[in-house]
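Engineer: Okay, sequence plus prediction incoming.
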Amino acid sequence: MSVQQFHLAVHPPGADGPGTGTPLERLTRLARTAERGGFDFLLLPEGPPPGPEALTALGALSAATTRLGLAAGLGPAAHQPYELARRLASLDHLSAGRAAWSVAVGPDAAREAAADGALRHGGLPPDADRHLHAAEFLRAARTLWDSWAEDDVPADPAGGVFVRPGAGAFAHRGDHFDLDGRFTTPRAPQGHPVVVRTVASPQDLAPAAADADVVLVPYTGLAEARALRQDLADRLADHGRSPGDLRVLATVAYALEDTPGATGLPVPQLVGTPRRIADALTAYVRGGGSDGFLLTPHPAEDPLDAFVDRVVPLLRADGVHRAAYTGTTLRDHLGLAQARRPSREASA
């Protein structure tokens, strides 16, 4: 009987994680620990000042890691499609195919967008329109990423650079964006960065089924978790997709039993010995609750070190977590196909 291996990702407990040193030094330690533990990706939200700007920090982390996926939580309301698509494609190039975009559309994202000056871009979309705005933003970004084909920069035996005529030309017409021109960043190693969506309410289910590669869901009882996954699976079929096109990760805050508690800190959802936590995570995946977890370490403990040193060895010994990376891109880690578009000849 084969043993199902599950996916692990990490979200810092604060804007940049606890510990000493500069915010970037703390994030670097966290990222390297996650990579040592074979995690799929690190998710860094677009935090308020004075936290580091997510894509800038992840660009730096791409040089400090070699396999860990790098996900930025970014709200479309605070950006424009060309600008954000270019920055995400650039991160995918810098990291050799490890970039991801967590599409933030909740109330917190709206507040951050206002703080970041979204009104410069024509104002925030109303609550009822936020999902439609984000969905079109993502379609526009994918149009930009697909404006380059895989063979638009063919190998030149003379050692020069040759770009096919028409590479990067794009046009998008929609209710929120009217774009055309030339996208200047060649096709990213993954084709598209991995797209992450969060399901925090029933309104989030349809967008997640339509366009996400990874969906973050609450850590709940197994019956509720299985029902949510079935709802997602039913919705995937409406978009010509199958459950194999999507990875579902449950978000869970945890603490090992010997971690100090502290006044004013949130109570973690999962507390126990390394063995108990390993068994609980394994049972949840085997019971159909999720394909893995987005972990938030307790703020009072060293970021992720105790989990990687004490829990990950148990998961590896049980055969439910990778002993080593077998691929180089985030899509490889997640078992997702590279996003491809036909060559210009095939699409002509």
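Structural biologist: Perfect, I can see it now. Residues are numbered from 1 along each chain as shown.
Engineer: Which secondary structure element is home to the nearest residue to P45 once chain neighbours are set aside?
Structural biologist: Leaving aside its chain neighbours, P45 sits nearest to G73 (3.9 Å; criterion: CB to CB, 6 or more residues apart in numbering). All C-beta atoms are positioned from the backbone trio N, CA, C, and that covers glycine. Secondary structure assignment for G73, by DSSP states H and E: strand 69-74.
Engineer: mind checking how far that strand is from the chain centre?
Structural biologist: 5 Å (CA atoms, centre = their mean, to the nearest Å).
Engineer: Check which residues of the helix or strand following it are buried.
Structural biologist: Counting by DSSP H and E, the next helix or strand C-terminal to strand 69-74 is helix 81-94. Within helix 81-94, the residues that qualify as buried are P81, Y82, L84, A85, R86, R87, L88, A89, L91, D92, H93, L94, counting by 16 or more other CB atoms under 10 Å.
Engineer: cool, stretch 316-325 as well?
Structural biologist: R316, V320, H321, R322, Y325.
Engineer: G37: what's it in contact with?
Structural biologist: L8, L304, F307, V308, V312 (CB atoms under 8 Å, 6 or more residues apart in numbering).
Engineer: go on, V320?
Structural biologist: Going by CB under 8 Å, 6+ apart, V320 touches V3, Q4, Q5, F6, T282, V285.
Engineer: Burial check on the third one, number of neighbours?
Structural biologist: By the other CB atoms under 10 Å criterion, the neighbourhood of Q5 contains 19 residues.
Engineer: ok, so of the buried residues of helix 81-94, who is nearest D238?
Structural biologist: P81 (24.9 Å; CB to CB).
Engineer: name the element the nearest residue to L256 once chain neighbours are set aside belongs to?
Structural biologist: Among residues not flanking L256 along the chain, A306 sits closest, at 5.4 Å (CB to CB, 6+ apart). In this structure, A306 is located in helix 305-306 according to DSSP H and E.
Engineer: Can you tell me which helices and strands the helix or strand that comes right after that helix packs against?
Structural biologist: Using DSSP H and E, the helix or strand that follows helix 305-306 towards the C-terminus is helix 312-317. For helix 312-317, the packing partners by 3 or more CB pairs under 8 Å, 6 or more residues apart in numbering; DSSP states H and E come out as helix 274-286.
Engineer: quick one: the helix it packs on to chain centroid distance?
Structural biologist: 23 Å.
Engineer: How about residues contacting it?
Structural biologist: 4, 6, 219, 222, 225, 250, 254, 256-257, 270, 272, 290-293, 307, 310-311, 314-315, 318, 320.
Engineer: which of those residues are buried?
Structural biologist: Members of the contacts of helix 274-286 classed as buried by 16+ other CB under 10 Å are 6, 219, 225, 250, 254, 256, 270, 290-293, 307, 310-311, 314-315, 320.
Engineer: Looking at the residues you listed, which are in helices?
Structural biologist: Applying DSSP state H to the buried ones among the contacts of helix 274-286, the entries found in helices are A225, L314, L315.
Engineer: residue contacts, the second one?
Structural biologist: This means L314. P274, R275, A278.
Engineer: make it 6 Å
Structural biologist: Applying CB atoms under 6 Å, 6 or more residues apart in numbering to L314 gives the contacts P274, A278.
Engineer: returning to that earlier point: now for the buried residues of stretch 316-325: which two are most distant?
Structural biologist: V320 and Y325 (15.8 Å).
Engineer: For E150, which three-state class applies?
Structural biologist: coil (DSSP: H, G, I helix; E, B strand; the rest coil).
Engineer: Leaving aside the residues adjacent along the chain, what's closest to it?
Structural biologist: If you skip the residues right next to it in sequence, E150 has R187 as its closest partner in space, 5.9 Å away by CB to CB, 6+ apart.
Engineer: next one: Y325
Structural biologist: Per CB to CB, 6+ apart, closest to Y325 is R67, 4.5 Å.
Engineer: Got the confidence number for that neighbour?
Structural biologist: In this model, R67 is scored at 98, pLDDT.
Engineer: Now do it against T328, distance only.
Structural biologist: 7 Å (CB to CB, to the nearest Å).
Engineer: Tell me, how many residues neighbour L334?
Structural biologist: Neighbour tally, L334, other CB under 10 Å: 23.
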